[in-house]
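In: what's the 3D shape of this:
(one chain, ligands or ions: 1)
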Amino acid sequence: MGYQLLIATPSPFARKARIALREKGIPFEEIVENPWNDGMIVARRNPLAKVPVLTLPDGRSYFDSRVILDVIDTLPGPELTPANHALEIRQIEALADGICDAVVLIVLEVARPPDLRSQEWIARQRHKIDAGLAALEDALSGDHMVGGVFTRADIAAGAALAYVSLRMPDLDWRGAHPALAAYADRLEARPAFAASPTSAQPIDVKG
Ligand SMILES: N[C@@H](CCC(=O)N[C@@H](CS)C(=O)NCC(=O)O)C(=O)O
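Out: Numbers count the residues shown, from 1 in each chain. Now for the predicted structure:
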């Protein structure tokens, strides 16, 4: 068995791992799961039953995209977390992941029956997204987030920006942040991003 990655096609967290493996040139099997359904492989490899999960050729599995990117960074290929900028890179990754967390919370809230939906909660998450996007634009310097080179900060930022566009098409972040939009377009033109497209997948949240 080679490397296996459990993903969902919309998941920005899974997309980080898909892109990182491709940037490294590591061949892997991409297995599409629906973590919301019963009987999925993901629940046997991650007690939290969330994607992504990376399984190594020796059978060990790792979950949580940040841990998975740490594992991927130990593999041969270009370094994604250069040591001289590691903290700044991780800070941007946390920011990008936090934007995605807020988007997920809005998507789940909007899926609730209208009388159970909290507009205050949605507005609270929306504020985090707006502030997070502004902070990403502030961090941007030329073509990259940190250190003038491509790093996992760019992988996380690119995954987050595409996810905002997928889930919140009415949020005109491109109009509000044109430099960030041009940056996202440059990232999406990279072969590893283009080979790891994000797309909607039906979810059926029970309960
Ligand atoms: N912190 C985790 C978040 C992973 C996550 O939330 N994955 C979602 C898909 S975007 C999931 O599998 N959700 C299923 C569930 O919550 O049961 C990471 O970075 O990998």
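In: Where does the prediction get shaky in this protein?
Out: Under the criterion of pLDDT under 70, the regions of the chain flagged as low confidence span 203-207.
In: what's next to the top helix by length along it, contact-wise?
Out: Ranked by residue count under DSSP state H, the longest helix found in the chain is helix 86-110. By Cβ atoms under 8 Å, 6 or more residues apart in numbering, the surrounding residues in contact with helix 86-110 are 12-13, 65-66, 69, 81-82, 117-118, 121-122, 125-126, 128-129, 132-133, 135-136, 139, 145-147, 151-153, 156-157, 159-160, 163-164, 167-168, 205. In short, each C-beta sits where N, CA and C put it, glycine included.
In: tell me the angle whichever helix or strand comes after that helix makes with helix 86-110.
Out: Using DSSP states H and E, the next helix or strand after helix 86-110 towards the C-terminus is helix 119-139. With axes from the mean of the first three to the mean of the last three Cα atoms, to 10 degrees as the criterion, the two stretches helix 119-139 and helix 86-110 enclose an angle of 150 degrees.
In: what comes up buried for the helix or strand where Val67 lies?
Out: When secondary structure is defined using DSSP H and E, the element that contains Val67 is helix 65-73. Residues of helix 65-73 classed as buried under the neighbour-count rule (16 or more other Cβ atoms under 10 Å) are Ser65, Ile68, Leu69, Ile72, Asp73.
In: Stretch 48-58 too?
Out: Within stretch 48-58, the residues that qualify as buried by neighbour count (16+ other Cβ under 10 Å) are Ala49, Lys50, Val51, Pro52, Val53, Leu54, Thr55.
In: So Ile68 sits against Tyr62, correct?
Out: Yes. Ile68 is in contact with Tyr62 according to Cβ atoms under 8 Å; the separation is 5.3 Å.
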